Structures are given as C-alpha cells and as structure tokens.
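Undergrad: would you be able to build a 3D model of this:
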Amino acid sequence: MSLANSVSALSPRPSIEAILDLTRSDMDRVNALILSMAGSNVELIPEIADHLISSGGKRLRPMLTLASAQAFGYRGDAHVKLAASVEFLHTATLLHDDVVDESDMRRGRRTARTIWGNQASVLVGDFLLGQAFKMMVEVGSMRALAILSNASAVIAEGEVWQLSAAKKMSTGESDYLAVIEAKTAALFAAAAEVGPVIAQASEADIAAMRRYGMALGLAFQLVDDVLDYGGSADALGKNVGDDFREGKITLPVIFAHARADEAERAFWRAAMEDGRNDVAALAQAMELMQKHGALEETKERARRYGAEALDALSGLPASPVRAALADVVDFCIDRIN
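TA: Below is the predicted model of the structure:
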C-alpha cells in the first residue's frame with residue numbers, strides 16, 4: 001500500500017455526527033412533536049404516517065433548521081415547530097412521489113402505496129401537509145410561513161415539471177437543473193433559511209444560509225442521480241436503476257446522450273421514451289455512461305455545488321455549528337467518492 005493510500009485509509013470518513021450531537025436534544029423534541037401531530041382518530045392516518053416516519057432517513061432537513069437557528073443564537077421553541085413542519089413537508093412529498101413514480105421501495109422498505117394503496121397514500125400526504133401548515137401558523141412568523149409555503153408550491157411545480165419531462169430525451173441540462181432546484185433543493189434552502197429568520201439574523205446571513213441550503217440540495221440530488229446507476233439498494237434505500245425504469249431523464253442520462261453516436265441515441269430513445277428498459281438495457285445504459293464519462297461529469301457537478309455550499313458558509317463566524325454544517329456537505333459528497 002502506498003503512503004497516500006495509507007493516509008487515506010487512516011483518515012476518518014466525513015460524517016454528520018457533529019450536527020447530530022448539536023441538535024440531539026432539539027431533535028428529540030421534534031420527533032415527539034412529529035408523533036403527536038401525526039396522530040388522528042382515523043386509524044389509517046397514523047398507521048401510514050408511522051410507516052414512513054419510523055423507516056429511518058437521516059432527517060437532514062429538520063436538522064438544518066435547528067442548526068441554522070442555533071448558529072445565530074436563537075432562544076425559544078419556534079425552531080422545533082418549524083423543523084417538524086419541514087419534515088412533514090418532506091414526508092408528504094415522499095408519499096405523493098411514490099404514487100406518481102409507482103415506486104415499490106423507500107428507505108429499504110415497501111412503500112406505503114404497495115401496502116395501503118395509492119388513494120390512502122395521497123390522502124395521508126395531504127393530511128401531513130395540513131399539519132405542517134398548522135405548525136407554521138402557530139409559530140407566528142409571517143416570513144417563515146411565506147418561505148415554507150412558497151417552498152411547498154415550488155416543490156409541487158417541480159414534480160409536475162419532472163413528470164412532463166419524463167421519457168423525453170429532448171430534456172437538456174439547464175431544464176433538468178431547474179427541475180431539481182424546484183423539487184429537491186427548494187426545501188433544503190427553505191429549511192436552512194427559516195432558522196436565521198426567526199433568530200432575527202442580518203439579511204446577509206439569511207441570504208447566505210439560503211444559498212447554502214440551495215447548493216447543498218442540488219449536490220444531494222446529483223449524488224442520488226449517480227448512485228441510481230452506480231450505488232447499492234442499501235445506500236439508496238430504493239432499487240438501483242429505478243430512475244432508468246421510470247424513464248426519468250437525469251443528468252447522467254443527459255450527458256451520455258449528448259456524447260452518443262446515432263446508434264447510442266437510438267438506444268436511449270428506445271429505453272427512455274419507449275420503455276425498453278429491462279435488465280439488459282440497464283446494463284447497457286451503465287456501460288454507455290462509463291464510456292462517455294457521464295457519471296464522472298455528474299460527480300463533478302455535485303462537487304461544484306458542494307463547494308458553493310461551503311463558500312456560502314465562509315462569511316459566518318467560526319463556530320461548532322458552522323463546522324457541523326460544513327460536515328454535512330462533505331458527508332453528502334463523500335457518498336460518491
């Protein structure tokens with residue numbers, strides 16, 4: 001083993017332990033509030049909500065809200081309700097997404113739709129959205145309410161946009177980045193922004209945290225895009241190749257198609273537009289991505305957004321919270337290293 005490899009082997013992998021430690025007591029309160037607000041006299045509602053809420057997940061988004069409030073010295077309880085609202089918004093979109101995408105796995109478990117059906121999944125998602133807005137209103141910050149309600153609308157727009165772009169090889173890089181900015185990054189941005197808002201931080205600091213969340217969300221989604229073609233079901237929490245089978249035009253597909261010859265372009269049209277996406281087709285897609293460096297190029301884009309997120313933090317005073325927020329970026333990018 002070379003010296004460089006020895007040093008690499010000894011170096012600790014990036015982790016989110018710091019932000020977990022800093023937000024642990026507040027996250028306990030968030031989790032208790034989530035369980036309380038997911039309750040209902042209608043038996044099916046808590047049953048479905050608990051299925052997804054208890055299935056794991058890193059809960060990065062609510063932790064961003066808690067940590068960003070801490071970073072600017074917030075003292076109070078509003079950040080707990082906003083963090084729970086953020087998690088409910090996210091959980092509702094997952095329930096809806098799985099119906100739209102006809103997904104069978106989520107976080108390594110069967111999706112709610114495969115157990116209780118599409119109708120129940122959509123309606124419980126709607127219930128969680130209602131509970132999220134109820135908690136936002138209770139906080140009493142019109143600005144925080146505006147930020148999160150706008151994010152909710154933008155996420156829905158992004159989902160519709162992605163649906164309209166699915167199975168269309170005419171989708172370009174700029175179109176796709178706009179889709180994921182809406183459907184994924186918008187909630188990261190809002191989660192990071194509402195913390196300094198309720199802490200009454202400066203406009204510059206609020207804008208910096210929004211930039212941080214937006215760039216982190218874009219990096220997070222691009223990392224997932226890479227892992228869908230080069231990861232494992234355990235790492236993804238869903239089946240590898242799901243994006244391919246669903247005809248989702250993600251950045252690795254866009255890059256591979258842009259560099260393809262005519263025969264390869266015909267393959268992509270058949271696979272993504274005509275649904276010829278069996279196991280052999282997935283293997284061929286992965287070969288073409290390797291041939292044209294599509295996964296590496298997507299990784300590079302993710303790293304750029306990671307660098308943007310770190311740059312957004314650079315103007316904040318040095319503190320354990322700032323360091324923990326930086327660790328989240330490194331953890332996200334390390335999934336593809």
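Undergrad: spit out the contact partners of Ala302.
TA: Counting by Cβ atoms under 8 Å, 6 or more residues apart in numbering, Ala302 makes contact with 218-219, 222-223, 226, 332-333, 336. Where C-beta positions appear, they are placed from N, C-alpha and C, glycine not excepted.
Undergrad: can you flag which of those belong to helices?
TA: The members of the contacts of Ala302 that map onto helices under DSSP state H are 218-219, 222-223, 226, 332-333.
Undergrad: rewinding a little: could I get the contacts of Ala302 as JSON lines with pLDDT?
TA: Converted to JSON lines, these look like this (pLDDT from 0 to 100):
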{"residue": "Leu218", "pLDDT": "98"}
{"residue": "Ala219", "pLDDT": "98"}
{"residue": "Leu222", "pLDDT": "97"}
{"residue": "Val223", "pLDDT": "96"}
{"residue": "Val226", "pLDDT": "95"}
{"residue": "Cys332", "pLDDT": "95"}
{"residue": "Ile333", "pLDDT": "96"}
{"residue": "Ile336", "pLDDT": "91"}
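Undergrad: before we move on, the earlier item: tell me the buried residues within the ones in helices among the contacts of Ala302.
TA: 218-219, 222-223, 226, 332-333 (16 or more other Cβ atoms under 10 Å).
Undergrad: farthest pair within the residues you listed?
TA: Comparing every pair within these by Cβ to Cβ identifies Leu218 and Val226 as the most remote, at 13.0 Å.
Undergrad: so which strand or helix has Glu157?
TA: helix 142-165 (DSSP states H and E).
Undergrad: next SSE after that helix?
TA: Criterion used, DSSP H and E; the element after helix 142-165 is helix 173-180.
Undergrad: contacts for that next one, please.
TA: 158, 161-162, 165, 217-218, 221-222, 249-251, 254-255.
Undergrad: before we move on, what about stretch 136-147?
TA: By Cβ under 8 Å, 6+ apart, stretch 136-147 touches 78, 81-82, 85, 133, 148-149, 190, 193-194, 197-198.
Undergrad: redo that, cut-off 7 Å
TA: 78, 81-82, 85, 148, 190, 193-194, 197-198 (Cβ atoms under 7 Å, 6 or more residues apart in numbering).
Undergrad: for stretch 307-321, the distance to its chain's centre please.
TA: Centroid separation for stretch 307-321 versus its chain: 20 Å, with Cα atoms, centre = their mean, to the nearest Å.
Undergrad: quick one: average pLDDT of that stretch?
TA: Per-residue pLDDT values across stretch 307-321 average out to 96.
Undergrad: outside of it, which residues touch it?
TA: 22, 67, 70-71, 205, 208, 211-212, 215-216, 219, 322, 325-326, 329.
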